[in-house]
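S.K.: please work out how this folds:
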Amino acid sequence: MEKSEREILTDNIKYLYKSKITMQAVSVCLFILSLFLLRYTNFHIFHISVEIFASIISFCIIIVAVNTYQISKNDFFMFLGIGFLCVGALDLLHTFTYRDLNIFSNATATMPAQFWMSARAVELFTILLSTRYINKKISRTDYVMIAAAYIVWFIFTLAAIMKFNIFPVMKIQGQGLTDIKVLLEYIISAGFIASFALFYMESSHMDKTLFVYIGISVLLKVPQGICFTMYAENTDIAFFIGHILKIISYYFMYKAIVVNGLRRPLDMLITDLDIADSSLREKERQRKVLEEAVLNNEHCYDLIINHSDDGIIIIKEDRLIFANSTAAKLFGAQEVSQLIGMSYYDFMDDKLKENVKHRLRNILMSKDMIPFEEVSLRRLDGSVTYLESSLNYFVYREEPAVLTILRDIGPQKEITNLKHDIAESEKRLSQSQEYNKMLTEFFANISHELKTPLTILLGTIQLISMLKKEEHQGIEKDRLSSYVGIMKQNTY
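M.R.: Next comes the predicted model:
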């Protein structure tokens, strides 16, 4: 029986995957074999190769974590990246402080072991604390504090070992490892076992592949640390095995963070796109199903239109062939049947008919639409109503027509007119108050101008009255003429 194309493709993928795994296994074995041979040829090249390999992976972790953060938002990777940046820097100092390399003039026999223990301590601290951020976010302030803590430790280690010589002695030339170094290796190895236990507790929040790779990497650090308690000279087999375990441990860390960190964001992005695409396809399918259901069910179609708050009419050959109940109310009809068959132009002013005819023809020819605009239409009783009207090309019962949507803006128009009347009234009231003010000022000025001559006349009349009351009854003619002249003068 012949296989289908799908089965052939699946078999090819499985074959390529197995071939890839085989190639990786062969490459690792050849690399370890070359290191084994190199150990007997040149110890320093062997040691430098191992440590630089580990340092490069440490630096790759932070590079990948930073450059994929915008997509992955993975604070767990970022924390590991910051910690392993410090570990990689300390590993390089451990590598190049051997006295035989003659790179640092003040290098001692204990200095490489001191930087080694500092790097191991930072590595344990990083892996232990990283379990907190598997399912937890890190704030920007926390990032600053974390980075500052690693920088302070790196500077302290550098100063304590190379400047002040206050770091505990880890190795004595000719005697081997000190007790404090052996004790710290066991404590740190126990710490890695505890780290694995914490990762196991958080495994439900982790990708399965990520957990497996990190778990193997962390567990390999336990025998690695034990090997580094069992050597006296750098050429001992325990020293070699410890470094081989370190390579394998860092290889799995590389698989966990670098490879997984590069693939996961892309996989997440592809998954999100697939979900979005599926959602759009589903919405499009539902829309088509709904459209078909509405179009195929005339009763449902009419039900939706008749319950619309907007007036809806369909015009074909300048006549109304459909109207809903809201349109009937807008045109002042008792029944929808009163509108059917009427010309659309019967509801318009004569000046607008030609323009509307032209627009309806253009819509039918171009299959376009005209957005909402204000129009005035004549109702059946002759009154004018103000509406917003939209004209749209529409296929009704497989024939071209114009679908018109009408919105009543009469109340809005009344409110606008009322606001205008109020504004006019306020303007007139303001003008009236201004005129009253001017009139008051005018009369005040007139009153002031009249008061002065009247006061003089009153005084003259009082003088004449006093003359009459004098004892002698005769009034001097000259004095009387003088008073009369004064009154005449103030009446002009």
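S.K.: quick one: residues contacting the closest residue to Leu330 other than its chain neighbours.
M.R.: Beyond its immediate neighbours in the sequence, the residue positioned closest to Leu330 (CB to CB, 6 or more residues apart in numbering) is Gly311, lying 4.6 Å away. Placement of C-beta: from N, CA and C, glycine included. Counting by CB atoms under 8 Å, 6 or more residues apart in numbering, Gly311 makes contact with Ala323, Asn324, Thr326, Ala327, Lys329, Leu330, Leu387, Ile405, Leu406, Arg407, Asp408.
S.K.: distance of the last one relative to Ile161?
M.R.: Asp408 sits 87 Å away from Ile161, taking CB to CB, to the nearest Å as the criterion.
S.K.: count of residues packed around Ile422?
M.R.: With neighbours defined by other CB atoms under 10 Å, the count for Ile422 comes to 10.
S.K.: would you mind measuring from it to Ile415?
M.R.: Relative to Ile415, and taking CB to CB, Ile422 is found at 10 Å.
S.K.: just to revisit the earlier point, for Asp408 and Ile161, indicate the residue with more neighbours.
M.R.: Between Asp408 and Ile161, Ile161 has the larger neighbour count (other CB under 10 Å), namely 22 against 17.
S.K.: strands along the stretch 251-400 of the chain, start to end?
M.R.: In chain order, the stretch 251-400 of the chain shows strands spanning 311-316, 319-323, 369-378, 384-396, 399-408, with DSSP state E, counting those that start in this stretch as the criterion.
S.K.: ok, the third one: who's next to it in the sheet?
M.R.: In the sheet containing strand 369-378, the strands it pairs with under DSSP bridges are strand 384-396 (antiparallel).
S.K.: any chance you could list what contacts the strand it pairs with?
M.R.: For strand 384-396, the surrounding residues in contact (CB under 8 Å, 6+ apart) are 311, 314, 316, 321-322, 330-332, 359-360, 363-364, 366-379, 400-410, 413.
S.K.: repeat that for stretch 82-92.
M.R.: In this structure, residues lying in contact with stretch 82-92 by CB under 8 Å, 6+ apart are 51-52, 54-59, 61-62, 115-116, 118-119, 122-123, 125-127, 129-130, 143, 146-147, 150-151, 153-154, 157.
S.K.: filter the residues you listed to the buried ones?
M.R.: Neighbour-count burial within the contacts of stretch 82-92 applies to 51, 54-55, 57-59, 61-62, 115-116, 118-119, 122-123, 125-127, 130, 146, 150, 153-154, 157; the criterion is 16 or more other CB atoms under 10 Å.
S.K.: from those residues, which land in strands?
M.R.: Residues from the buried ones among the contacts of stretch 82-92 lying in strands, with DSSP state E as the criterion: none.
S.K.: hmm, back to that, tabulate the contacts of Gly311 (CSV), appending pLDDT.
M.R.: Shown next, in CSV, are the contacts of Gly311 (pLDDT from 0 to 100):
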residue, pLDDT
Ala323, 85
Asn324, 85
Thr326, 85
Ala327, 84
Lys329, 87
Leu330, 84
Leu387, 83
Ile405, 85
Leu406, 85
Arg407, 83
Asp408, 79
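S.K.: whichever of the residues you listed end up buried, select them in ChimeraX.
M.R.: Entered in ChimeraX, the line below selects the buried ones among the contacts of Gly311, by 16+ other CB under 10 Å:
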select :323,324,326,327,330,387,405,406,407,408
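S.K.: go through the strands of the stretch 251-400 of the chain and name the closest to Phe240.
M.R.: Phe240 lies closest, by CB to CB, to one member of the strands of the stretch 251-400 of the chain: strand 369-378, at 81.6 Å.
S.K.: what residues sit buried inside the closest one?
M.R.: Within strand 369-378, judged by 16+ other CB under 10 Å, the buried ones are Ile370, Val375, Leu377.
S.K.: I'd like the distance between Cys60 and Ile363.
M.R.: Cys60 sits at a distance of 64 Å from Ile363 (criterion: CB to CB).
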